[in-house]
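Student: Provided below are the primary sequence and the corresponding predicted coordinates.
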Amino acid sequence: MRSEAHHILKRARRSCLQSMLVVGATCGSLHAQFAVEVVDYERGEGGSDSFSDPTAALGEPTRFSGSMMEPSVVSPFQPAWRSDELVTIGAGGHLVLAFEEPVRDEPTNPFGVDLIIFGNAFFTNFSQDSPCVSTLYEEGGLIEVSADGIDFVLIEGVSADGLYPTLGFLDADPLGMEPGDVHSDFTRPVDPALADWMLAGACWDDMLSAYDGSGGGTPIDLADTGLTEIRFVRISTLSDALVLPEIDGIADVAPEAATADLNHDGRVDGEDLTLLLADWNLFDSPWDLDGDNVITGKDLVLLLGGWT
């Protein structure tokens, strides 16, 4: 299984470097959209005064936590913990965040997931040699979504601060104190079908393979809400809650990257190049490889990069 994990790491490095070459992006940032605005925050009862800044939930989730005295990578066994990285939602409280652009229900997204919520849940560990899941420490939180910020729909049966704990780097020690070089993708979800397997005692190498480049987080499919798109997310805590969620960020899921094998014949060659060039400068082409909705030189570079 270790060789499979290394294969995933090599693939992530290659994908990351390609993104940087073509569009000047950092690893994990291509197509990235995170919450940009705090619409409302009611702290609620309990929790620490230090964890009451709602702007901590804006932007990209935390990859590396701690300070010079207590540094730590963020991994499924080692969560973010600083007050400038997280906001607590106390009993009876709520947090409403907004995206700049709508998050759409896209059945073609990975696993059909459209939205990811990041808290500081973590797996307790029973092995220091190769960390393995003992239990999941999660802190709940109700999730509601809205298109207009007025009418909200509850996401049934899902906790905001729960599965899957955040993974910041694909090449760092999960219990380490040094950041890695390869970022995970916070806009790619973990397969929701892996929950039972992961909670049954999954160990680190297998878990890294299962995350498959993802940065983790709670996956949300908007299909059951009746909404085609949303822009607002409300996370709240019941007034009698015994545990209080911490929120680190929320992300819009990026679509799967298009393949350079445009005609799906197992090769990237002149036939694919002909299809791409025929749609040059056209919008909404099915051959769009970089996700910017128009065929340009960026798409050509990606196609040539996969030439066989």
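Tutor: Now that the structure is in, tell me what you want to look at. From a predicted model like this one, the values you see are computed outputs, not experimental measurements. Numbering: from 1, shown residues only.
Student: For the longest strand that the chain contains, which outside residues touch it?
Tutor: Ranked by number of residues, the top strand in the chain under DSSP state E is strand 94-104. Under the contact criterion CB atoms under 8 Å, 6 or more residues apart in numbering, strand 94-104 has outside partners 33-42, 44, 54, 57-58, 87, 89, 114-115, 147, 149, 222, 228-237, 247, 250, 252-253. All C-beta atoms are positioned from the backbone trio N, CA, C, and that covers glycine.
Student: try stretch 253-272
Tutor: Stretch 253-272 is contacted from outside by 15, 30-32, 103, 106, 108-110, 113-116, 185, 187-189, 275-276, 287-289, 291, 302-303, 305-308, using CB under 8 Å, 6+ apart.
Student: filter those residues to the buried ones?
Tutor: Neighbour counting with 16 or more other CB atoms under 10 Å marks 15, 30-32, 103, 106, 109-110, 113-116, 185, 187-189, 275-276, 287-289, 302-303 as buried within these.
Student: hmm, back to that, so which of the contacts of strand 94-104 sit within strands?
Tutor: Among the contacts of strand 94-104, the members found in strands (DSSP E) are 37-42, 87, 115, 229-236, 247, 250, 252.
Student: If any of those are buried, put those into a ChimeraX selection.
Tutor: To isolate the buried members of those in ChimeraX, using 16+ other CB under 10 Å:
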select :38,39,41,87,115,230,231,232,233,234,235,236,247,250,252
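Student: Quick check: phi and psi on the residue of the chain positioned farthest from its centre?
Tutor: The centre of the chain is farthest from one residue, Gly270, which by CA atoms, centre = their mean lies 35.6 Å away. With angles defined as degrees, to the nearest 10, Gly270 sits at phi -60, psi -30.
Student: swap in Asp272?
Tutor: According to degrees, to the nearest 10, Asp272 has phi -70, psi -40.
Student: what does Ser134 give?
Tutor: phi -100, psi -60.
Student: Show the model's pLDDT score for it.
Tutor: With respect to pLDDT, Ser134 has a value of 94.
Student: wait, it sits on Thr124?
Tutor: Yes: using CB atoms under 8 Å, Ser134 is in contact with Thr124, at 4.4 Å.
Student: ok, so what distance separates Gln33 from Ala202?
Tutor: Note on Gln33: its distance to Ala202, by CB to CB, to the nearest Å, is 29 Å.
Student: From the neighbour counts alone, determine which of those two ranks first.
Tutor: Of the pair Gln33 and Ala202, Ala202 is the one with more neighbours under other CB atoms under 10 Å, namely 19 against 16.
Student: Quick one: low-confidence residue ranges for the stretch 201-308 of the chain.
Tutor: Along the stretch 201-308 of the chain, the model assigns pLDDT under 70 to residues 257-258.
Student: try the stretch 51-200 of the chain
Tutor: 68, 128.
Student: hmm, 80 instead?
Tutor: 67-69, 126-130 (pLDDT under 80).
Student: Do me a favour and get the end-to-end distance for stretch 63-83?
Tutor: Terminal residues of stretch 63-83 lie 14 Å apart, using CA to CA, to the nearest Å.
Student: Same check on stretch 106-122?
Tutor: 28 Å.
Student: How far off centre is that stretch?
Tutor: Distance of stretch 106-122 from its chain centroid, counting by CA atoms, centre = their mean, to the nearest Å, is 6 Å.
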